[in-house]
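**Student:** Just need the structure, nothing else, for what follows:
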Amino acid sequence: MALLGVCLSACVGAGFGTSVQPPIYDVREVAVIGQDTMPGALLAGTDRRVRASIESTRRLTPMERVVLTVKYQRYRAGGKTPGDPRAMAEFIVTAADIESGLPVAAGTFVVHARTGHPAWAAESLAEEAASRIRFAFSLRPPDIGEIARTEPSPMETRTVQTAYAPVGSGMPDETVFEVNPVTGQRRPLAASR
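**Tutor:** Below is the predicted model:
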């Protein structure tokens with residue numbers, strides 16, 4: 001009986017009886033920045049994923065409202081040497097109060113991604129970084145469709161493709177064709193003279 005009392009008192013003294021939860025913030029917005037050497041896919045991918053998590057997270061009780069700034073410091077693409085297929089990125093996340101603009105929380109993170117092809121390293125790192133940010137700020141992981149529907153930030157651009165595009169050099173001796181990009185069929189626009 002005395003041995004049981006000693007074991008229980010050791011557990012309470014070791015901190016098993018109490019736990020301190022870190023503060024939870026009501027995240028309202030995110031800004032992802034980095035030097036011009038950072039891949040655009042890394043910055044845009046992190047922005048898109050964290051923004052989707054913010055939109056899908058609902059707070060039931062009032063909390064301190066903050067905006068996040070994610071600043072990428074270092075980036076190394078994987079696959080440059082045969083023995084090192086891991087890509088790496090280091091970033092700082094700062095949470096600033098909406099009312100005062102003063103930082104209330106900050107942290108430095110390093111993420112690694114193992115990819116089979118270096119072209120996928122930036123997207124893999126963006127997912128790893130977004131996952132770390134979601135965990136640190138208690139954000140809900142979005143559904144896959146929510147990431148695709150998230151409104152693009154100003155750094156992203158989109159191109160619009162038409163159904164038919166003219167092909168040919170436009171020289172007078174040449175017939176110019178319209179090519180359907182879906183079927184690949186060619187249709188002459190004008191006959192040569």
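
**Student:** any idea how this structure splits into domains?
**Tutor:** Annotated domains of the chain cover 26-149, 160-193 [automatic domain parsing].

**Student:** can you tell me the average pLDDT over the longest one?
**Tutor:** By that I understand domain 26-149. Average pLDDT, domain 26-149: 88.

**Student:** From residue 124, how far off is the nearest residue to residue 143 once chain neighbours are set aside?
**Tutor:** Closest residue to residue 143 apart from its sequence neighbours, by Cβ to Cβ, 6 or more residues apart in numbering: residue 56 at 7.3 Å. (Glycine included, C-beta is placed from N, CA and C.) Computed as Cβ to Cβ, to the nearest Å, the residue 56 to residue 124 distance reads 22 Å.

**Student:** Neighbour count: those two, which is higher?
**Tutor:** Higher neighbour count among residue 56 and residue 124: residue 124, with 21 against 15, using other Cβ atoms under 10 Å.

**Student:** gap between that one and residue 131?
**Tutor:** 11 Å.

**Student:** hang on, residue 126 packs against residue 42?
**Tutor:** Yes. Using Cβ atoms under 8 Å, residue 126 makes contact with residue 42 at a distance of 5.4 Å.

**Student:** any shared contact partners between these two?
**Tutor:** Common neighbours of residue 126 and residue 42 are not found (criterion: Cβ atoms under 8 Å, 6 or more residues apart in numbering).

**Student:** With that, I have no additional questions.
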